[in-house]
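# could you work out the structure for the sequence below:
(2 chains)
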Amino acid sequence: MFPELSIERVFRRELDSLPLPAEQLWVPNRRTRAPTLIAVSVGAAALLLALIAADLVREASGAAAQPRGVASTPPSLQPRASCAAEPLGGNGRCVTRLPTIVRNPAFGYNLTIPGEWRETQMPPGTEPFVRDRTSASPALIAPFLLDRHVFTARSPQEWVLTTTPNLAPAWDLDIQVWDRQGRTALEWSRTFGPCDPAVPVYGTSGCALRTETIHGGSFVVTTVSTFRGPQTTSYYLERGDQMMILRYWSDPNATPPPGVTDATLEGIVHAIGLV
Amino acid sequence: MATKIQPERWEQLYRQEFARVYRALLPVLRDPDRALDAMQDAFVAGLRRPPAEDDDLAGWLFVVAVRSGRRSLRRPLLRLDHARSQISKDEIEAALDRMEVGRLLAGLSERQRAMVVAQFYLGLDHREIARYFGVKTGTVSATLSQAKARMRAEVRNVS
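Coordinates of the predicted model:
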């Protein structure tokens, strides 16, 4: 006979000695109380998730030194306070969706996107390219493209209408990981648009180049502007044998999704977690 | 008809039961971060579809969390540093390896571990385990019987 009574005691004694996580990681934290049962349910879940999401975002934005708290989400990533998108709450109240954490373990990054955003699939045949360098050697086109994800705030129906041949549509975020083929971030940055001073490009107003450190990663950042036209911002980061590129373009001639601005895109990029 | 737990009551019960259920999950999932994620999933599941007032709350939370933990094994977990439970997986595994319980459970499948912990730590009977896991009582009996046989063999090996 198995000594069940003594086994129960052993289980209790031993398992009760296992450590617990810090309370702020699991205690539900309610800040407001909605009047209806549904609102209470949703509110409590949202608060719990907000606590986690706010913490995640704070970490991703490199603000780990700040005091721990319930809501220290960087302003650029906080859910919008206004109902720029359709209101979700009852009685016309604005209920914003929580940010979403997108994890890419294979290529070592986390992304925090606003709740209204989602990942979208570029149609087949729309491989990203390195502008003006499609025949460059070593090749800077697929199959050296290792990974690509495009994120948008548009609905699937709206998004289809904005598809472009190679670039993700304006106001979307395009994250690519390439085999960097021995090239530095600076060299990669020169392969896009007029950023290579050796190549004359017409019809553009130029390329501004700078470096930026985001969470310990040293990015080369280029901004390609056209006169009264689109502006494309690209972040290049060397990671071992890989080159990570985060790219978005804003176009004054293309209506952005509600609430999306340059600052939104910049905020998402700056909240990237590198692991 | 059993009444469903109201959200505020659910939150209170979750706080009460967290420690016990989280500790029950550790030897099953053997990963503090997955256990924490699984607990949070179970809390949210309870807000959406609250269990009945007369349910064993610890048992309900445990089984929902085990299911969530099992699902999470199929998807990669890449967690930002400070959202971790601050207890490392290695730390938990080392603690379990030092414990008699850890050694007894080590040779069992995850399902067997879950049912053994449900019985011996959370104090659920076969009928309750069957109900929460959504299986027949006979299945629970058979699973636990096999698990106990393995655990007995482990005890014999040690002694």
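# model confidence score at the most centrally placed residue in chain B, please.
The centroid of chain B falls nearest to B:L25 when counting by C-alpha atoms, centre = their mean (3.7 Å). pLDDT recorded at B:L25 is 93.
# got the buried residues for stretch A:6-15?
For stretch A:6-15, a neighbour-count test (16 or more other C-beta atoms under 10 Å in any protein chain shown) marks A:I7, A:V10, A:F11, A:R12, A:E14, A:L15 as buried. The way it works is simple: take the backbone N, C-alpha and C, and place the C-beta from them, glycine included.
# my bad, should have said stretch A:182-190
Using 16+ other C-beta under 10 Å as the test for burial, stretch A:182-190 gives A:R183, A:A185, A:E187, A:W188, A:S189, A:R190.
# next up, the contacts around the residue nearest to the centre of chain B.
Counting by C-beta atoms under 8 Å, 6 or more residues apart in numbering or on different chains, B:L25 touches B:A35, B:A38, B:M39, B:F62, B:A65, B:V66, B:G69.
# check which helix or strand covers it.
Counting by DSSP states H and E, the element that carries B:L25 is helix B:7-29.
# if we can go back for a sec, show me which of the buried residues of stretch A:182-190 is closest to B:V101.
Nearest to B:V101 among these, counting by C-beta to C-beta, is A:A185 at 51.1 Å.
# quick check: the closest one touching A:M243?
Yes. Counting by C-beta atoms under 8 Å, A:A185 does reach A:M243; the two are 6.8 Å apart.
# now do the shared contacts for the two.
A:Y236, A:L237.
# can you classify A:P21 by secondary structure?
coil (DSSP: H, G, I helix; E, B strand; the rest coil).
# mind checking how far it is from chain B?
Using C-beta to the nearest C-beta, to the nearest Å, we find A:P21 at a distance of 4 Å from chain B.
# next one, pLDDT for that residue please.
The pLDDT attached to A:P21 in the predicted structure is 84.
# cool, the one 3 residues further on as well?
According to the per-residue confidence, A:Q24 scores 72 in pLDDT.
# next, find the distance separating it from B:L36.
12 Å (C-beta to C-beta, to the nearest Å).
# who's more crowded, these two?
Comparing A:Q24 with B:L36 by other C-beta atoms under 10 Å in any protein chain shown, the one with more neighbours is B:L36, at 27 against 12.
# list the contacts of the more buried one.
B:L36 is in contact with A:P21, A:L25, A:W26, B:Y22, B:S85, counting by C-beta under 8 Å, 6+ apart.
# where along chain B do the helices fall?
B:7-29, B:32-48, B:57-73, B:89-98, B:100-106, B:110-120, B:126-133, B:137-158 (DSSP state H).
# can you give me the buried ones in the last one?
Put plainly, it is helix B:137-158. In helix B:137-158, the ones that count as buried by 16+ other C-beta under 10 Å are B:T139, B:V140, B:T143, B:L144, B:A147, B:K148, B:R150, B:M151, B:E154.
# off-centre distance for stretch B:7-25?
12 Å (C-alpha atoms, centre = their mean, to the nearest Å).
# any idea how far the residue nearest to A:W26 when sequence neighbours are not counted is from B:G102?
The shortest distance from A:W26 to any non-neighbouring residue, by C-beta to C-beta, 6 or more residues apart in numbering or on different chains, is to B:F18 (5.9 Å). Going from B:F18 to B:G102 by C-beta to C-beta gives 21 Å.
# same check, this time on A:T191
Distance, A:T191 to B:G102, by C-beta to C-beta: 54 Å.
# mean confidence for stretch B:127-147?
Averaging pLDDT along stretch B:127-147 gives 91.
# is it positioned near chain A?
No. Applying C-beta under 8 Å from any C-beta of the partner chain, one finds stretch B:127-147 separated from chain A by no less than 9.7 Å.
# hmm, who's touching that stretch?
So stretch B:127-147 is contacted by B:56, B:59-60, B:62-63, B:108, B:111-116, B:118-119, B:124, B:126 (C-beta under 8 Å, 6+ apart).
# the nearest residue to B:E100 once chain neighbours are set aside sits in which helix or strand?
Once flanking residues are discounted, B:E100 sits nearest to A:V10: 5.6 Å by C-beta to C-beta, 6+ apart. Counting by DSSP H and E, the element that carries A:V10 is helix A:4-15.
# ok, A:L111 next?
Here A:L111 is assigned to strand A:109-113, by DSSP H and E.
# what's that strand packed up against?
The contact analysis (3 or more C-beta pairs under 8 Å, 6 or more residues apart in numbering or on different chains; DSSP states H and E) places strand A:109-113 against helix A:37-60, strand A:100-104, strand A:173-179, helix A:262-270, strand A:273-274.
# so for it, mean pLDDT?
Averaged across strand A:109-113, pLDDT comes to 89.
# for the very next helix or strand once past that strand, packing partners?
As assigned by DSSP H and E, the chain's next helix or strand after strand A:109-113 is strand A:118-120. For strand A:118-120, the elements it packs on are strand A:145-152, judged by 3+ C-beta pairs under 8 Å, 6+ apart.
# strand partners (parallel or antiparallel) of the strand it packs on?
strand A:118-120 (antiparallel), strand A:173-179 (antiparallel) (DSSP bridges).
# could you count how many residues lie near A:R148?
Look at A:R148: counted by other C-beta under 10 Å, it has 18 neighbours.
# so the closest residue to it other than its chain neighbours bridges to which residues?
Using C-beta to C-beta, 6+ apart and skipping residues adjacent in sequence, the residue nearest A:R148 is A:Q176, 4.8 Å away. A:Q176 has these beta-bridge partners by DSSP bridges: A:R148, A:I245.
# look at A:Q176 and report its pLDDT.
Model confidence at A:Q176, given as pLDDT, is 89.
# also the one 3 residues further on?
At A:D179, the pLDDT value in this model is 82.
# would you mind measuring from the nearest residue to it once chain neighbours are set aside to chain B?
Leaving aside its sequence neighbours, A:D179 sits nearest to A:F144 (C-beta to C-beta, 6+ apart; 4.4 Å). Applying C-beta to the nearest C-beta, the value for A:F144 to chain B is 24 Å.
# which ones are touching A:E8?
Residues in contact with A:E8 (C-beta under 8 Å, 6+ apart) are B:F120, B:Y121, B:G123.
# chain A next: which of those residues are close?
B:F120, B:Y121, B:G123.
# so among the residues you listed, which ones count as buried?
Counted by 16+ other C-beta under 10 Å, the ones next to chain A among the contacts of A:E8 give B:F120, B:Y121 as buried.
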